[in-house]
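**Q** What would the 3D arrangement of this be:
(one chain, ligands or ions: 2)
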Amino acid sequence: MKIDRAELRLIKLNLLRPFETSFGVQTERTIPILTLFAGGLEGYAEGVMEELPLFREEFIGGALPLIQETLLPTILARDIHHPQDLWDSFRPFRGNRMAKALVEMGFWDLWAKSLGLPLQALLGGNRSEIPVGVSLGIQKSLEQTREQVEKHLSQGYQRIKLKIKPGWDTRLIAYIRQYFPQAVLTVDANSCYSLSDIQVLQALDEFHLDYIEQPLAYDDILDHARLQSQLKTSICLDESILSPEDARKALSINAGRVINIKVGRVGGHLQARQVHDVAASFGVPVWCGGMLETGIGRAHNIHLATLPNFIKPGDTSSSSRYWQQDIVNEPLETAGGFMPVPSGPGIGVTLNRQFLERCTLSVENIKP
Ligand code: OSB
Ligand code: MG
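**A** Ligands and ions are numbered 1, 2, ... in the order given. As a prediction, this is how the structure comes out:
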């Protein structure tokens, strides 16, 4: 397939409510949206890089010029038969997996549409719905957290993940656990602890959490392995896993027993599927993470999460939790703790052009 041209758009959307993690508070999101055009078809993808490198190293200011000046020109007007061709052309360029993912994911959507198939069929999934949990940001009080947990459990979410930070951890979890003794609960530290916080982490070990997500440094696996050997609770790795190789190394040394796969973080669907397969070969379950996506990224995540080793409920909750209005026409809403998989060709969602224009900060057209 020949990609004729690309459109790289930057949009800004307000979140319905602030999302606080150990690394900051987000009230709005600036999001790259890519459209690839080929013979009358359009393939869509959403970038997960943020304005500042607070999660991993990549950020919008570095990613957009790389995509526009290097990645897209490398593939435009060439015959690409398979996402592997695209990945191979990106091989000389190190890292920058979020940037590569944006282009790769756009190609998958295009490719699936050209075959008239839903993306999940090409990825190897076969589900009509996927189990979902919810990721709750840091709230203003214990009571407010309890209300949020209660609300989302009553909506059927199959797992509640609570963001924690130093000073907002053991007391919070003790409090929540007391009200919801049976709930499937997890915590996400986003790398805010070190091994010297072992007392806090061992205190968390007493609340039968399903896992503790990314307690230690974003680029560490060795200390995670040390920590895992001192905990009953499984560690789930997020930030630390950028590739199938990272997954192999981390699981080889027992640095965790669960992986959160974010398709953008690892470089696209091909890489995400390989991380999924590596985890399966270790008997390690995975789940699909999120980065507060609009319907474009969310639909990609949902299709990926149809693969068989996505055993645990992911973060791919209802779009209406994040946005007053989404940029896609189709609602992506959960029912009873499950998210339906869009059934149309490709990712199965279409852009609301009018609304998209209203959110747009800038548009670049890239031609061969
Ligand atoms: O660590 O999983 C994370 C959001 C932004 C950056 C990092 C993370 C998150 C979330 C939210 O937890 C997941 C979502 O609801 O999309
Ligand atoms: Mg996380």
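**Q** State the distance from the residue nearest to residue 293 when sequence neighbours are not counted to residue 103.
**A** Residue nearest to residue 293 in three dimensions, not counting chain neighbours: residue 46, with 5.7 Å by C-beta to C-beta, 6 or more residues apart in numbering. (Each C-beta comes from the backbone N, C-alpha and C, glycine too.) Using C-beta to C-beta, to the nearest Å, residue 46 is found at 12 Å from residue 103.
**Q** Now for the two: what residues contact both?
**A** Residues within reach of residue 46 and of residue 103 at once, by C-beta atoms under 8 Å, 6 or more residues apart in numbering, are residue 34.
**Q** Pull out the buried positions in stretch 54-62.
**A** By neighbour count on 16 or more other C-beta atoms under 10 Å, the buried set for stretch 54-62 is 55, 56, 58, 59, 60.
**Q** Any idea how far apart the tips of it sit?
**A** End-to-end distance for stretch 54-62, by C-alpha to C-alpha, to the nearest Å: 13 Å.
**Q** for that stretch, the distance to its chain's centre please.
**A** 15 Å (C-alpha atoms, centre = their mean, to the nearest Å).
**Q** hmm, who's touching that stretch?
**A** The contact list for stretch 54-62 (C-beta under 8 Å, 6+ apart) reads 10, 23-24, 30, 32, 47, 49-53, 95-99, 190, 218, 239, 242, 265, 291.
**Q** Mark which of those are part of helices, please.
**A** Members of the contacts of stretch 54-62 lying in helices (criterion: DSSP state H): 97, 98, 99, 265.
**Q** So which of the residues you listed wins on neighbours?
**A** residue 98 (31 neighbours; other C-beta atoms under 10 Å).
**Q** Get me the contact residues on the stretch 251-368 of the chain for ligand 1.
**A** Taking C-beta under 6 Å from any ligand atom as the criterion, the stretch 251-368 of the chain approaches ligand 1 at residues 289, 290, 291, 292, 315, 317.
**Q** could you dump the residues you listed to CSV with neighbour count and pLDDT?
**A** Output for those, formatted as CSV (neighbours: other C-beta atoms under 10 Å; pLDDT from 0 to 100):
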residue, neighbour count, pLDDT
289, 24, 98
290, 21, 98
291, 21, 98
292, 20, 98
315, 23, 98
317, 24, 98
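**Q** which one of those residues sits closest to ligand 2?
**A** Nearest to ligand 2 among these is residue 289, at 6.0 Å by C-beta to the ion.
**Q** contacts with ligand 1 among the buried residues of stretch 54-62, please.
**A** By C-beta under 6 Å from any ligand atom, the members of those lying near ligand 1 are residue 55.
**Q** Tell me who's in contact with residue 196.
**A** Counting by C-beta under 8 Å, 6+ apart, residue 196 has no contacts.
**Q** Name the nearest residue to residue 361, ignoring sequence neighbours.
**A** Closest to residue 361 by C-beta to C-beta, 6+ apart is residue 10, at 4.5 Å.
**Q** That neighbour against residue 31, yeah?
**A** Yes: in terms of C-beta atoms under 8 Å, residue 10 counts as a neighbour of residue 31; the distance is 7.3 Å.
**Q** So those two - more neighbours on which side?
**A** Using other C-beta under 10 Å as the criterion, residue 10 and residue 31 rank with residue 31 on top: 26 against 17.
**Q** Could you give the number of residues near the residue nearest to residue 188 when sequence neighbours are not counted?
**A** Leaving aside its sequence neighbours, residue 188 sits nearest to residue 213 (C-beta to C-beta, 6+ apart; 3.9 Å). Neighbourhood size, residue 213 [other C-beta under 10 Å]: 28.
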